[in-house]
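> pasting the sequence and the predicted model now:
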Amino acid sequence: MASEVRKVPQYCYQCVAGPDLLTVKVENGVATEVEPNFAAAEVHPGAGKCCVKAYGLIQKTYSPNRLSAPMKRTNPNKGRHEDPGFVPISWDEAFDIIGAKMTEIRSRGPRNAEGYPRAAASFGGGGIPTYYMGTFPAFLSAWGPVDFSFGSGQGVSCTHSEHLYGELWHRAFTVCPDTPSCNYVLSFGANIEASGGVVAAWRHGAARERGMKRIQFEPHLSVTGAASAEWVPIKPKTDAAFLFSLVHVLLHEMPREALDIQFLKHHTGSPYLIGPNGFYLRDPETKKPLLWDLTRRAAVAYDTPGSDPALDGSFTIDALEIGADGQEWQHRGLNCETGFGKLVTRIKAYTPDWAEKTCDIKSGTVRRIAAEYVEYAQVGATVVIDGETLPYRPVSIQFGRTVNNGWGAYECCWARTLLACLIGGLEVPGGTLGTTVRLNRPATTRQASVKINEDGFMYFPMNPTDKEHWKPSPAVRNAHATMVPLSANSPWSTALGPTHFSWMFQKDSPENWPRVTPPDIWFCYRTNPSISFWDTKEIVKRIAEFPFIVAFAYSHDETNHMADVLLPECTDIESTQLIRIGGSKFIEQFWDHEGFALRQPAVKPQGDTKDFTEIATELAVRAGLLEQYNEAINRGATGVSLSSGKYDFALDPKERHDVDTIWDHSCRAASAELTEGRDSDGLDWYKQHGLRTRPISRLSWYLFPEMKKQGIRFEMPFQERLYRVGLELGNRLHERGIKWWDVQLEEYGGLPTVMDFPGIWEKETVRQAGAGALKDYPFWLLTSRSMQYAWGSNVGIQLMDEVADNMRGHKGVVINTQKARELGIEAGDLLEVHSYVGTTQGPAVLSQGIRPDTLLMMGQFDHWATPYAKDMKAPSMNSLIPMSMALTDSTGSSADLVRAGVRKLGAGK
Amino acid sequence: MRLMPWHQSNWDARAAGNFIGGGGGTGLLIFAALAGDSLSDYRWQAVIALILVATGLLCVLAEIGRPFRALNVFLHPQTSWMTREAMVAPFLFGCGAIATWQGGGSFSALAALFAVIYLYCQARMLAAAKGIPAWREPKSIPLMISTGLVEGAGLAVTLGALLSGATPKWLAGALLCALIVRRLAWKFYSEALVSKGAPGKTLEVLARFGGRFTTYGQSLPELLVIAALFLGSQLVWLLPLAGAAATLSGWALKFTIVARAAYNQGYALPVLPIRGQGRAVPGVKPGWSK
Amino acid sequence: MTRYIMTADLRRCIGCQTCTAACRQTNATPPGVQWRSVLDIESGEFPDVRRSFVPVGCQHCGDPPCMHVCPTTATYQRDDGLVEVDYEKCIGCGYCAVACPYQARHITHRVEFAYGEPMASESARFDARRMSVATKCTFCMDRVDAAKESGLTPGVDPEVTPACVNSCIAGVLAFGDREDPQSNVSQLLDETQHFRMHEELGTDPGFYYIWDKK
């Protein structure tokens, strides 16, 4: 038989570390193989490779477990133990049901009696589902207010503190080393080799070969620890203590000249003078913050040309101090010191000997690492990038989840950013970089979002906390704009608030808080909070309270178990979408190019499934929103604006357009955008070539040149702005009688302190489970990223399951070998792990590579409905983690961490 | 993912059956021929020997994935001891059949000769399996040959007693000699595995087996033969009992080596990789004794 | 002369199993049959512990014990060093599997698919010739052979390079001609310290593990 073989270009964006560019081999109409898109090797920073998860796409396409037709629920009762009674229906019937519901909801107005949007939508983490939902964002835009605050993990199981503080300090939604030129990385729980995707694997592999030294601080020996030069088994949640101790060594045990004094003086807030109330001392006329000029021997405004700022010392000046809510103090003959001076004093107590007791790491190790950090930093070195001479500081610090969210994470982020500043290594080649912006606008480039504020730092769109502008009534259920000033107000902000509040408050609203009611209609796609959030038993109950759920569904799962209508969309390699690629993006995605890539139907859709764009268009029609929907597409809701001054490929807003027409227009606009309007190649061109890029300067990787150009300082070490908004927020809440956020408010301060962070979890355990409970829960239970599973919702794919099993611990409870033997546990024994919230079971995996006080569960997949996955019987810590106000930090996040006990249920096979 | 040596699953009890039948059968054929006229019933001994060898080969046929292609087994005499074993088999059976028909005679000598070659092929076949440390040890060759001879002598004396009641005294001596050789072969074989290093589980299995084997498979039949040499005329059951113990222990030995101690090589790293920076760290050989 | 070999830079490997998945798919092996896989080996005692990731599979030995023992000549060695199996000749006796010190050979007697019944992608690639015979990594022989036609260079041009090497996301695996001093692998080996697994068994394996720079 003559065989017809094609290789169809695609992208894979199943995790935030994407996109990977690939081709699908199609033999006689059947997809058989995934391969890297070799044509992209020249432009893709991971050599055009695609990650292991992409290889699961073939099985995903043809799996018999896939839904092949729309379904409707026949059992009105919802819950885990209710059979939904799904029956197949036609697309027409499905659209009729949803259309009627949408019309009825819209007739009652966009918000309910409590002021919350009647419509809510949840998508999987990191915004990645948008790369598969075609024009659905345009539908949501046309709809009006939509509540995105029902999280499935985002906001709580992400690197949350980094998102918020990273953007505040250096436009770093995520932070990473400048890996291609970095020589020394301190990695605290960042499992970059498992979570960083192809680009991280490629860049770090090359860096190791080059001789980059990475030290991994983590309670267990992860994949990244394995691939590091050194593993330091740090006690859980004591990372901040270790980092503060490093700062101590740099400031108190090393000669000051070892630091990058010029960087500190001229590019940070270090020399700003601090008043007795904890605010900057300002020029009474201009209200600009003051510093002490060693040349003039006088206090001058921070931006006075030719000044030589004093880094520390004691100075007597006249100045104005402005506090929260506009309170002012006029000082005369005030004796004051700099922010840096305050820092030196604050950090004095955090000695290596103190760290040894706190972190379980020898003081000698702290000192050695501090010395290496400074030595590798090469203070004073420069490098030329695209003709511009920049500082070269090849050292960096990286954080992973759990280090980077919940209590203690702010202190870690602060210390990390400070440590970069101390050696002049923030946003310079070799050093610590931000990747992208999600809270600041415009989001086109990080540089474009940089603006100076009145104090000489970067502008940040804080949610208002002043009396006039603070929003006492939350616009969405998690109240991010009300409670978390740092979450800002971009389209991403809702998902970056305390997304557990939506679930928690629906059950019990706290004191003096508006009632939280379920949405009238909930859309969910590529998300499964019923197994991926915390305290999953509770989450399932809350979802069951939602009156009408539309789930875009690949297969039956634990969340769409409660759905009213299931809509099976053409999956990854069956449908069309154009996305932006290049520039710098999450994790380690630093490109020397930018452009667009296409996903296209390589094979005919399986079953009676529809392209998501076709579904979105039909929903827009049924909701009577076609015109608004088309206009949203024209504005660029799907990633590219269809018209500009140089081109116009806008769709007729009154017409209904088919899938190919919509994407053809998008492709033409993309071509035109990349060529300044010269080319207008459409869908057919992209189908053939897969991607189109143009080169960009590597200078775009570094924010320092833009900061220098605008004369902006990094806001380090003193945090006057945070201190102020914290006080103001406290005032607002107290005015409303709200006291339950008081502990969180304490996190807002000028200079952070290290608290007993593990103790917060211990105290809550005792509070919930009673005195002496720590004896019942002697372990810290943690999780760790799996490259084979993470993000992809591919736990039901046999190939992934099989290859993941080649790696230790995927389906078990990892426990220290000696500790296990003490407890009479052998490898393979069935264990029950319990916290005060729930229990889970799995076989024991004995490992030398984990602290004796720690347990690890890699998988977080205790599925009970998803075909294939439900038979895996893997343990999951998600059933064990409480949703708790006490464990929520001021950014509205907590950590994947819980005290747990273990019990042997039976001998292994 | 298995890291430590795991038990090979390609050759099971059926493969062990080939070594049991082949070794015992050829050994018997050799001793039946050596006994010549002094053994009154060569015919029965030879038939049983050939049945044993044939049973072994049938076991192999039952084990291979593509039995209809079995004749391909003859294609590689240059290096494959399996081919060589297969090529000897027709001659062994041919001569054995004629000798059986003739009730002994010159073809019995030829049959014995092919039996020796067949036995040798089997011993080499196991030793050529480089993936199994318990097999590839060169000292497995004398062990496999000696146990084949022990089993042959043991069967000869046992059958002799059962069939005619008359067993030449030298055959008892031969059994004793073969047992002593096998005792030494076992000692050298097991010591070699320990001194060179082997999968821990292989050594565990062999150590567990070795105790019983030397007691009931070596010392017991040796003592019984010695006793029979002195008291055999009064206690006629001593020698056949010794033969049975010697034979059965040989079969147990082969079953153990082929189907119980056959842990594979596993994996090893002579040195661990440098991850960016650091010192070279000694390697690792999971599951090995050294 | 040509001797195709593979190198694995253990400094780079992170055990992601992308090569495993790519091989499974490219060679359409049944569930559980991994011609290429990556081991995850822990060694040492807490807190001085190491974890190494080690790609394994057929080593395409220069002196392959599997070939020597094979009674049918189904296993053979090509002039370019590849050790292959003729599925039509193999009787599935398993002798090669026990002769291989790398556990690289697989004999499957039962037809198996990922989800029980075959999916379209599995039906399209199912090869009955592979049932009950020895199978193993072929170094993607068909691609290497295609190089003869196309003039492309295995290990350099992806079209003629083994799938595992193409797929590797950390730059661990490389493929090429050891006999050509200018080849990618020869140069790589010249610059690095490396070993071959179980070399003491005299198999002359064609798979080199790089562990440090020179």
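Good, I have the coordinates.
> check what pLDDT A:Pro514 gets.
As predicted, A:Pro514 sits at a pLDDT of 88.
> point me to the residue of the stretch 301-450 of chain A nearest chain C.
Closest contact between the stretch 301-450 of chain A and chain C, by Cβ to the nearest Cβ, is at A:Asp360 (9.6 Å). Glycine gets a C-beta too; all of them are placed from N, C-alpha and C.
> count the neighbours of that residue for me.
By other Cβ atoms under 10 Å in any protein chain shown, 18 other residues sit near A:Asp360.
> you'd agree it is up against A:Thr238?
Yes - counting by Cβ atoms under 8 Å, A:Asp360 touches A:Thr238, with 7.5 Å between them.
> check contacts around the residue of the stretch 301-450 of chain A closest to chain C.
A:233-235, A:238, A:851 (Cβ atoms under 8 Å, 6 or more residues apart in numbering or on different chains).
> check A:Ala370 too.
Per Cβ under 8 Å, 6+ apart, neighbours of A:Ala370: A:246, A:249-250, A:253-254.
> correct me, but A:Asp608 touches A:Pro70?
Yes - checked against Cβ under 8 Å, the pair A:Asp608 and A:Pro70 is within contact range at 7.4 Å.
> need the residues touching each of these two.
A:91, A:568.
> show me which of the two is the more surrounded one.
Using other Cβ under 10 Å as the criterion, A:Asp608 and A:Pro70 rank with A:Pro70 on top: 26 against 13.
> helix or strand for the closest residue to that one other than its chain neighbours, which one?
Nearest residue to A:Pro70 in three dimensions, chain neighbours excluded: A:Ala94, at 3.9 Å (Cβ to Cβ, 6 or more residues apart in numbering or on different chains). According to DSSP states H and E, A:Ala94 maps onto helix A:91-107.
> so what's the closest residue to A:Gly408 other than its chain neighbours up against?
Spatial nearest neighbour of A:Gly408, chain neighbours left out: A:Phe757 (3.6 Å); criterion: Cβ to Cβ, 6+ apart. By Cβ under 8 Å, 6+ apart, the contact set of A:Phe757 is A:237-238, A:240-241, A:407-408, A:411.
> over to A:Phe139?
So A:Phe139 contacts A:616, A:619-620, A:623, A:625, A:629, A:632 (Cβ under 8 Å, 6+ apart).
> how does it look with 10 Å?
A:121, A:133, A:146, A:523, A:612-613, A:615-620, A:623, A:625-626, A:628-629, A:632-633, A:637 (Cβ atoms under 10 Å, 6 or more residues apart in numbering or on different chains).
> what pLDDT does it get?
pLDDT, A:Phe139: 98.
> show the model's pLDDT score for the residue in the stretch 1-150 of chain B that chain C sits nearest to.
Across the stretch 1-150 of chain B, no residue is closer to chain C than B:Gly65, which sits at 2.2 Å (Cβ to the nearest Cβ). At B:Gly65, the model reports a pLDDT of 94.
> low-confidence stretches in chain B?
B:37-40 (pLDDT under 70).
> mind listing the helices for it?
In chain B, the helices defined using DSSP state H lie at B:13-35, B:42-63, B:81-102, B:106-127, B:133-136, B:140-163, B:169-196, B:200-212, B:220-231, B:238-259.
> so does the first one get close to chain C?
Yes - part of helix B:13-35 sits near chain C under the criterion Cβ under 10 Å from any Cβ of the partner chain, namely B:Ala15.
> what's the answer for the shortest one, then?
Yes - looking at helix B:133-136 against chain C by Cβ under 10 Å from any Cβ, the contacts come from B:133, B:135-136.
> one more: the third one?
Yes - judged by Cβ under 10 Å from any Cβ, helix B:81-102 comes into contact with chain C through B:81-87.
> what does the model give A:Met1 for pLDDT?
So A:Met1 comes in at 51 (pLDDT).
> and C:Arg51, that one's in a strand?
Yes - with DSSP: H, G, I helix; E, B strand; the rest coil as the criterion, C:Arg51 is part of a strand.
> show me the contacts for it.
Counted by Cβ under 10 Å, 6+ apart, C:Arg51 has contacts A:221-223, A:225-228, A:231, A:807-808, A:847-849, B:272, B:275, C:15, C:40-44.
> return the subset of those residues lying in strands.
Residues of the contacts of C:Arg51 located in strands (DSSP state E): A:231, A:847, B:272, C:40-44.
> what's the model's confidence in stretch A:173-181, averaged?
Rounded mean pLDDT across stretch A:173-181 is 96.
> nope, stretch C:48-65 is what I was after
98.
> buried set for that stretch?
Within stretch C:48-65, the residues that count as buried by 16 or more other Cβ atoms under 10 Å in any protein chain shown are C:49-62, C:64-65.
> ok, stretch A:699-709 next?
Of the residues in stretch A:699-709, those buried (16+ other Cβ under 10 Å) are A:699-707.
> again, but for stretch B:189-206
B:189-190, B:193, B:198-203, B:205-206.
> what does stretch A:762-771 give?
A:762, A:764-766, A:769.
> for those, which one is nearest chain B?
Of the buried residues of stretch A:762-771, the one sitting nearest to chain B (Cβ to the nearest Cβ) turns out to be A:Glu762, at 34.2 Å.
> for the residue lying closest to that closest one once chain neighbours are set aside, grab phi and psi.
Leaving aside its sequence neighbours, A:Glu762 sits nearest to A:Leu774 (Cβ to Cβ, 6+ apart; 6.0 Å). A:Leu774 has phi and psi values of phi -60, psi -20 when expressed as degrees, to the nearest 10.
> got a list of what A:Leu774 touches?
Contact analysis of A:Leu774 by Cβ under 10 Å, 6+ apart lists A:761-763, A:765-766, A:899, A:901.
> just give me the neighbour total for A:Lys604.
Neighbours of A:Lys604 (other Cβ under 10 Å): 10.
> wait, isn't it in contact with A:Asp611?
No - A:Lys604 lies out of contact with A:Asp611 (Cβ atoms under 10 Å); the separation is 11.7 Å.
> which residues touch stretch A:627-636?
Contacts for stretch A:627-636 (Cβ under 10 Å, 6+ apart): A:135-144, A:613, A:616-617, A:619-621, A:623, A:625, A:637-644, A:648-657, A:662, A:665-666, A:669.
> skipping adjacent residues, who's closest to the residue in chain C sticking out farthest from the centre in space?
Taking Cα atoms, centre = their mean, the residue of chain C most remote from its mean C-alpha position is C:Pro47, at 33.9 Å. Spatial nearest neighbour of C:Pro47, excluding adjacent residues (Cβ to Cβ, 6+ apart): A:Pro233 at 5.1 Å.
> and if you look at A:Gly497?
Nearest non-adjacent residue to A:Gly497 (Cβ to Cβ, 6+ apart): A:His480, at 2.4 Å.
> list the contacts of the one you found.
A:148-149, A:155, A:463, A:474, A:486-489, A:493-499, A:501-502, A:891-892.
> if you look at the residues you listed, which of them are in helices?
Going by DSSP H, the helices hold A:499, A:501-502 from these.
> go through the residues you listed and say which is closest to B:Ala109.
B:Ala109 lies nearest to A:Thr499 out of those, by Cβ to Cβ, at 90.2 Å.
> which residues sit in contact with the residue of chain C found nearest chain B?
Relative to chain B, the nearest point of chain C is C:Gly92 (2.2 Å; Cβ to the nearest Cβ). Contact analysis of C:Gly92 by Cβ under 10 Å, 6+ apart lists B:10, B:63-67, B:69, C:72, C:74, C:107-109, C:131-134.
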